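1. this is a predicted model, with the sequence first.
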Amino acid sequence: MKSLKFFTLIVLSFVLAACGGSKAATNLTVDMVEFTFTPSEFVIPAGQEITITANNNGAVVHEFVIMNLGETVGENFGDEDEANIYWEVEVDPAGTKTVTFTAPTEPGEYQVVCGTEGHYIAGMIGSLTVVAP
Ligand SMILES: [Cu+2]
């Protein structure tokens, strides 16, 4: 009985992987302005190397901050959130950066925020969904 449950779990994870696999990308592009990410939703494969090109088309510094799984920014983005950051990149106004990071190994939905003061409250929020590769 135990092995049947395990088998079902294995089959389920293959099905889930197949569903998410088609949309997951290892190359991302994000455009940032006051106060939005475009696009604001991303799907990446777990544990893979991800290349992201972050364009800042705005007039102030913007950040693409990925929070740890299960951690979301509360009322406002502050010092207490720094410890819960998985990865971040900061881009100057009118600047662009192409950088890489390793996707989290744990599938799930990760909150993306801009860490520049006031931007989180202004709605500069996105989501990063990590799926089994
Ligand atoms: Cu911002």
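-> Alright, I've got the coordinates.
2. excluding its backbone neighbours, what's nearest residue 123?
-> Nearest residue to residue 123 in three dimensions, chain neighbours excluded: residue 35, at 5.6 Å (CB to CB, 6 or more residues apart in numbering). In short, each C-beta sits where N, CA and C put it, glycine included.
3. quick check: residues of this structure near the ion?
-> 62, 114, 116, 119, 124 (CB under 5 Å from the ion).
4. dump those residues to TSV, plus pLDDT.
-> Formatted as TSV, the residues of the chain next to the ion follow (pLDDT from 0 to 100):
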residue	pLDDT
62	98
114	98
116	97
119	98
124	98
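5. quick one: residue 90 and residue 63 touch, right?
-> Yes - counting by CB atoms under 8 Å, residue 63 is a contact partner of residue 90 at 4.7 Å.
6. mutual contacts of those two, please.
-> Common contact partners of residue 90 and residue 63 (CB atoms under 8 Å, 6 or more residues apart in numbering): residue 115.
7. okay, these two: which has more neighbours?
-> A direct count of neighbours by other CB atoms under 10 Å for residue 90 and residue 63 places residue 63 higher, at 21 against 16.
8. against residue 39, how distant is residue 128?
-> For residue 128, the distance to residue 39 equals 11 Å [CB to CB, to the nearest Å].
9. looking at those two, which has the bigger crowd around it?
-> residue 128 (24 against 11).
10. assumed that one was part of a strand.
-> Yes - secondary structure of residue 128 (DSSP: H, G, I helix; E, B strand; the rest coil): part of a strand.
11. mind checking pLDDT for it?
-> Note for residue 128: predicted pLDDT of 98.
12. doesn't residue 65 make contact with it?
-> No - the criterion here is CB under 8 Å, and residue 128 misses it with residue 65 at 10.3 Å.
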